[in-house]
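Asks: Okay, predicted coordinates and the sequence, questions at the end:
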Amino acid sequence: EPEVTQTPSHQVTQMGQEVILRCVPISNHLYFYWYRQILGQKVEFLVSFYNNEISEKSEIFDDQFSVERPDGSNFTLKIRSTKLEDSAMYFCASKTTTRNERQGTTYEQYFGPGTRLTVT
Amino acid sequence: EDKVVQSPLSLVVHEGDTVTLNCSYEVTNFRSLLWYKQEKKAPTFLFMLTSSGIEKKSGRLSSILDKKELFSILNITATQTGDSAIYLCAVKSGGATNKLIFGTGTLLAVQP
């Protein structure tokens, strides 16, 4: 079964450093998302990406954050100058727009295993 | 402000018990409600509910949505230790992106 993959699984960085979190969405999916989950808190939406541009972003997604789909398969989240409060689990998700009426399923977001970012 | 509230926050039961997890929401442009199970890392999809009153079932799990009262429940019958996880409720809001708005989750611990 196809799945979303993310690398690295754990990233430790020093405050002020730039980090790039990588995701490979499911191959025929067209919508891509980043979410984060601070330890003990709820999963929060960061940004959605469609047709090579950001379609929506949350208040969390400020100028320090950027996303890119550099080569048609990878989807990256860059944090330019990390802060302590950026420490969290970052989840990538992807979604297709194909609606499978026969199987009675509709499109939902599939999540990757996450990258745990620790900023020291 | 959109919000999704889950209750209880945590629950400890014994194997064989039946549990009911609750999710209420206030979201503009509601599209659907989803339940995910989160064990170690990634949330894994359980159900998507779009219409009121239609129960979705998968084995011992079932879920139903009430769009008038703005809530959903997730039932797990004959619980097993493998059901221990955080159960996340998320609401898909409208618009092109269909972002998910998550609740804080219910931590379920099933003891042998």
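Replies: Great, that's in hand.

Asks: so where's the chain uncertain?
Replies: No chain was given, so I picked chain A. A:97-107 (pLDDT under 70).

Asks: meant chain B, my bad for not saying
Replies: B:95-96.

Asks: Within range of chain A, give me the residues from it.
Replies: With C-beta under 8 Å from any C-beta of the partner chain as the criterion, chain B meets chain A at residues B:32, B:34, B:36, B:41-45, B:48, B:50, B:88, B:90, B:95-105. Heads up, the C-betas are built off the backbone N, CA and C, glycines and all.

Asks: Drop anything exposed from the residues you listed.
Replies: B:32, B:34, B:36, B:41-43, B:45, B:48, B:88, B:90, B:97-105 (16 or more other C-beta atoms under 10 Å in any protein chain shown).

Asks: Find the residue closest to residue 28 in space, skipping its chain neighbours.
Replies: I'll assume chain A. Taking C-beta to C-beta, 6 or more residues apart in numbering or on different chains, and ignoring the residues beside it in sequence, A:Asn28 has A:Thr96 as its nearest neighbour in space, at 5.9 Å.

Asks: meant chain B actually
Replies: B:Asp2 (6.3 Å).

Asks: Now do the phi/psi pair for that neighbour.
Replies: The phi/psi pair for B:Asp2 (degrees, to the nearest 10) reads phi -70, psi 140.

Asks: In contact with it: list those residues for me.
Replies: By C-beta atoms under 8 Å, 6 or more residues apart in numbering or on different chains, the residues touching B:Asp2 are B:25-28, B:91, B:93, B:101.

Asks: cool, and B:Lys68?
Replies: Counted by C-beta under 8 Å, 6+ apart, B:Lys68 has contacts B:Ser52.

Asks: burial of residue 60, as a residue count?
Replies: Picked chain A for this. For A:Ile60, the neighbour count with other C-beta atoms under 10 Å in any protein chain shown is 17.

Asks: let's do chain B instead
Replies: For B:Arg60, using other C-beta under 10 Å, the count is 13.

Asks: Quick check: the gap between it and chain A.
Replies: B:Arg60 is 20 Å from chain A, where distance means C-beta to the nearest C-beta, to the nearest Å.

Asks: Not including adjacent chain positions, what is the nearest residue to that residue?
Replies: Going by C-beta to C-beta, 6+ apart, B:Arg60 has B:Thr77 as its nearest residue, at 4.8 Å.

Asks: Just confirm the one you found contacts B:Thr20, I think it does.
Replies: No. Using C-beta atoms under 8 Å, B:Thr77 is not in contact with B:Thr20, being 9.9 Å away.

Asks: so A:Met89 bridges to which residues?
Replies: With DSSP bridges as the criterion, A:Met89 is bridged to A:Gln37, A:Arg116.

Asks: How about the contacts made by it?
Replies: A:36-39, A:114-117, B:41.

Asks: repeat that for 6 Å
Replies: Counting by C-beta atoms under 6 Å, 6 or more residues apart in numbering or on different chains, A:Met89 makes contact with A:37, A:114, A:116.
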